[in-house]
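A.B. asks: A structural model of the following input is requested.
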Amino acid sequence: MSSDCCSSKGTELEKLARQADQRRVLIIVLLINAVMFFVEFAAGVIAGSTALMADATDMLGDALVYGVSLYALSRGDRWKAGAAVFKGILILLLGISILVNVAIKLSTGVPPSSTLMLVFGGMALVANVVCLSLLWRFRRQDVNMASTFECSRNDVISNVGVLIAAGAVALTASPWPDILIGGAMAVIILRSSVRVLRESIPQVRAGKAEVR
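C.D. replies: This is a model prediction of the structure:
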C-alpha cells in the first residue's frame, strides 16, 4: 500500500517536473520568435522580399503557437489535442497568406535586396536552430509538443530557403528566386498543417466521445 502510494507520488512529481521543464523551454522559444518576427518582417519590407516577410509571418504564427502550447501544457489530453488543432488551423492560414504575398510579388516584379535577405535570413536561421535544439527532446512527448516541434522544424527549412533565394537573387538580379522560394515555403507550411490536423482532430473527437 505504502509502496503504491510512493510510486504514485513519484510519477506525479516526475510529470510536474517535466511540465515545468516544457514551460521554461516554451517561454524561451516564444520570446525568440516574437523578437525575430519584428526584426525579420521590418527587414522584409525594407528589402522588398516575399521570402523574408513570409518567414517572419511564420515566426509570428509560431510565437502564438507556443503561447497556446503553454496554455494547454498543464491540462489534459483533450486540451492538448485542441491546442494542436488550433495550431494546425493557424499554420493553414499562414500558408494561404504567403501565397497571397507571392501573388502580389508576381504583379510587381521588382527584385529584392539580396544582401538584406542574407543578413536577416541568417539571423533567423540561427534563432530557429536554437529553438529546434531546445524542443528536440520533447518532440515525441505528446501531440501538443509534437506539433510545436513540427512548427520549429518548418522554420529551419524556411530559413534555409530564404538563404538559397538570396543567393539566387544576387546571381540573377531577378525576383523569381524570391517568388519561387516563397511559394515553396507556402507548400511546406500547408502540408504541415494537414499533418497536424490529421493527427489532432481524431484525438479531439475521442475526447468528446469519452465526455459523453
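A.B. asks: Please state the backbone phi and psi of Ala173?
C.D. replies: phi 60, psi 40 (degrees, to the nearest 10).
A.B. asks: Enumerate every residue touching Val45.
C.D. replies: Met53 (C-beta atoms under 8 Å, 6 or more residues apart in numbering). Backbone N, C-alpha and C define where each C-beta goes, glycine included.
A.B. asks: mind running it again at 10 Å?
C.D. replies: 52-53, 56 (C-beta atoms under 10 Å, 6 or more residues apart in numbering).
A.B. asks: What about the residues you listed, which are in strands?
C.D. replies: Here DSSP state E is the test, and the contacts of Val45 give no hits in strands at all.
A.B. asks: Let's have those in a markdown table, adding neighbour count, distance to Leu116 and pLDDT.
C.D. replies: Formatted as a markdown table, these follow (neighbours: other C-beta atoms under 10 Å; distance: C-beta to C-beta, whole Å; pLDDT from 0 to 100):
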| residue | neighbour count | distance to Leu116 | pLDDT |
| --- | --- | --- | --- |
| Leu52 | 29 | 8 | 87 |
| Met53 | 25 | 12 | 82 |
| Ala56 | 26 | 12 | 84 |
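A.B. asks: looking at this structure, which helix or strand is least sure?
C.D. replies: helix 2-47 (a mean of 72; mean pLDDT, DSSP states H and E).
A.B. asks: Let's check: the centremost residue of this protein is which one?
C.D. replies: Geometric centre of the chain, nearest residue: Cys151, 2.8 Å, by C-alpha atoms, centre = their mean.
A.B. asks: From Leu171, how far out is that one?
C.D. replies: Cys151 sits 31 Å away from Leu171, going by C-beta to C-beta, to the nearest Å.
A.B. asks: one step back: need the contacts of Val45 in CSV (columns: distance to Val102).
C.D. replies: Output for the contacts of Val45, formatted as CSV (distance: C-beta to C-beta, whole Å):
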residue, distance to Val102
Leu52, 13
Met53, 10
Ala56, 15
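A.B. asks: Pick out whichever of these sits closest to Ala20.
C.D. replies: Of all the contacts of Val45, Ala20 sits closest to Ala56, with 30.5 Å by C-beta to C-beta.
A.B. asks: and the closest one, what does it touch?
C.D. replies: Shown in contact with Ala56 (C-beta under 10 Å, 6+ apart): 33, 36-45, 49, 120, 124, 158, 162.
A.B. asks: On the three-state scheme, Ser174 is what?
C.D. replies: coil (DSSP: H, G, I helix; E, B strand; the rest coil).
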